[in-house]
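J.: Return a 3D structure for these sequence lines:
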Amino acid sequence: MTVIDLTRPLTDATVIALLGDSVAGAEWERYRRIEVEAHQSLAYANSAIFRMSLADHVGTHVDAPSHIFADGADAAALDITRLCGDAVVLDLTSDDPDHGYTAEDLSSATPQVRQGDIVLIYSGYQDCGAADRIHQTYLTPSGAAWLVATGVKAVGCEPGGIEHGWDGLHVKHWDDPVLGGPDPWPAHRLLLRNDVYIIEGLTNLDRLAGQRVRFAAFPLPVPGLSGSPVRAVAWTGEEK
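T.: Presented below is the predicted three-dimensional model:
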């Protein structure tokens, strides 16, 4: 069988590539930083041990319900059977780099989405630089509601967020309890309330666009985390 890695490297450069100037400010410095430091070195010992520090929503990662809901399941409590199995890779490239995918977009896509699928959205996302205003496709509330009603297990995307990061943070102020209104991050809420898990920051979907594949993306079972890096892979063909 052919296995395709859909995972980005866990580096500072990946954080910028996925989120651009949305996280370029000084207040986001700790979020951006991925640190790997030696705890024990082969220079003086017979084994090497490193310590890693990073945010739980950088790189290719899964959002747990606790990302949005105080009583939601954390990364350690996720049902991993919802993160592996049959997947459909929808080719939803658009002339508008900031297009919001609606229920109509998803229902008319081919191959047809089936109950129990994991839906992966290929949008042709272009990496950002640190000074670039991010352009990204995203899922509208109607699109999220359609996925829930169809009975999918999870949804994955190429951008760093399933909703428009710049608009959500800097226009709609959804992270602000006062300015964000009564229903912040509505697509996240619809999906995660119904245990439709969200995988963000995928890559190499261009190699699978328009296909049905097998897919897996497993989180680290760390209690308390609201998300986790994953190693996302897809495979086609029969095992020999």
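
J.: Thought residue 165 was touching residue 22, still the case?
T.: Yes. The pair residue 22 and residue 165 passes the contact test of C-beta atoms under 8 Å, sitting 4.6 Å apart. The way it works is simple: take the backbone N, C-alpha and C, and place the C-beta from them, glycine included.

J.: Now list whatever residues contact both of these two.
T.: Overlap of the contact sets of residue 22 and residue 165 (by C-beta atoms under 8 Å, 6 or more residues apart in numbering) consists of residue 134.

J.: Select the longest helix from the protein.
T.: helix 141-150 (DSSP state H).

J.: Next secondary structure element downstream of it?
T.: strand 154-157 (DSSP states H and E).

J.: Could you check how many residues crowd around the nearest residue to residue 210 once chain neighbours are set aside?
T.: Counting by C-beta to C-beta, 6 or more residues apart in numbering, residue 91 is the residue found nearest to residue 210 once chain neighbours are left out, at 4.8 Å. Look at residue 91: counted by other C-beta atoms under 10 Å, it has 17 neighbours.

J.: what's the answer for residue 3, then?
T.: So residue 3, with other C-beta under 10 Å, has 10 neighbours.

J.: now the one 10 residues further on
T.: By the criterion of other C-beta under 10 Å, residue 13 has 14 neighbours.

J.: Can I take it that it is in a helix?
T.: Yes. Read with DSSP: H, G, I helix; E, B strand; the rest coil, residue 13 is one of the residues of a helix.

J.: returning to what we had before: so for the residue nearest to residue 210, what's the pLDDT?
T.: For residue 91, the model assigns a pLDDT of 97.

J.: what does residue 210 give?
T.: Residue 210 carries a pLDDT value of 97.

J.: give me every residue that touches it.
T.: Residue 210 touches 89, 90, 91, 110, 111, counting by C-beta under 8 Å, 6+ apart.

J.: Would you map the strands across this structure?
T.: Taking DSSP state E as the test, the strands found in the chain are 2-5, 35-40, 49-53, 61-63, 84-91, 100-101, 118-122, 138-139, 154-157, 197-200, 212-219, 227-236.

J.: Closest one to residue 3 out of the contacts of residue 210, please.
T.: residue 89 (14.7 Å; C-beta to C-beta).

J.: The closest one and residue 122 touch, don't they?
T.: Yes. Using C-beta under 8 Å, residue 89 makes contact with residue 122 at a distance of 5.7 Å.

J.: List the residues that are in contact with both of these two.
T.: With C-beta under 8 Å, 6+ apart as the test, residue 89 and residue 122 both reach 205, 208, 209.
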